[in-house]
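>>> Have a look at this fold, sequence not included:
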Ligand code: INI
């Protein structure tokens with residue numbers, strides 16, 4: 001949406017990665033068959049939006065539960081503008097789905113709020129492996145790609161808000 005008669009100013013992020021966005025992909029090893037597809041989607045989106053490979057780093061953690069602490073470390077770095085968390089928590093594979101998914105999502109949100117840097121949620125939480133596959137590059141798109149586009153939008157938005 002752009003400014004219109006009743007809106008004097010509209011601030012929205014652009015998707016242009018040539019503005020030197022520095023992005024950390026934070027990816028779980030658990031369910032790596034799915035997560036690797038999310039990483040591929042994110043990498044594709046960043047490259048096609050003009051982000052140089054040198055500005056993209058990949059950090060691996062054992063599982064979704066470990067993401068918040070690693071994200072907290074990453075947002076402190078001056079060379080990281082946004083973190084994209086990529087993982088898959090699948091209900092069918094664990095009786096503690098709710099604990100893992102809940103603390104991952106809650107923890108990542110906290111890191112973003114406390115640091116003021118975007119932490120993008122590209123963590124799938126699904127009932128079945130099939131649903132996860134659908135969201136990792138098959139019929140429901142690739143959530144890694146979508147997460148990367150959101151990261152670029154947020155990096156640009158935060159830069160504009162800081163001006
Ligand atoms: N981690 C995931 O990323 N996805 C899962 O589906 C999952 N399951 O099913 O348990 C999972 N568990 C591991 C967890 O994130 C931690 O790595 C582990 O408990 C060690 O702290």
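Sure, I can see it. Small disclaimer: the values here were computed from a predicted structure and weren't measured.

>>> Phi and psi next, for the closest residue to residue 66 other than its chain neighbours.
When the adjacent residues along the chain are set aside, residue 66 lies closest to residue 28, with 7.5 Å between them (Cβ to Cβ, 6 or more residues apart in numbering). C-beta here means a position set from N, CA and C on the backbone, and glycine is covered the same way. Per-residue torsions, residue 28: phi -80, psi 150 (degrees, to the nearest 10).

>>> same thing with residue 123?
Here residue 123 shows phi and psi, under degrees, to the nearest 10, equal to phi -100, psi 120.

>>> Model confidence at it, what's the number?
Predicted confidence (pLDDT) for residue 123: 98.

>>> In the protein, mark out all the strands, start to finish.
23-28, 56-61, 82-90, 119-126, 136-138, 141-142 (DSSP state E).

>>> quick revisit: report the contact partners of the residue nearest to residue 66.
Each residue near residue 28 by Cβ atoms under 8 Å, 6 or more residues apart in numbering is listed here: 35, 60, 61, 62, 63, 64, 66, 67, 86, 87, 88, 123.

>>> Does it have any beta-bridge partners, and if so which?
residue 61 (DSSP bridges).

>>> mind checking how far it is from residue 41?
Separation of residue 28 from residue 41 (Cβ to Cβ, to the nearest Å): 15 Å.

>>> and residue 29, how far is that from the ligand?
Residue 29 sits 8 Å away from the ligand, going by Cβ to the nearest ligand atom, to the nearest Å.
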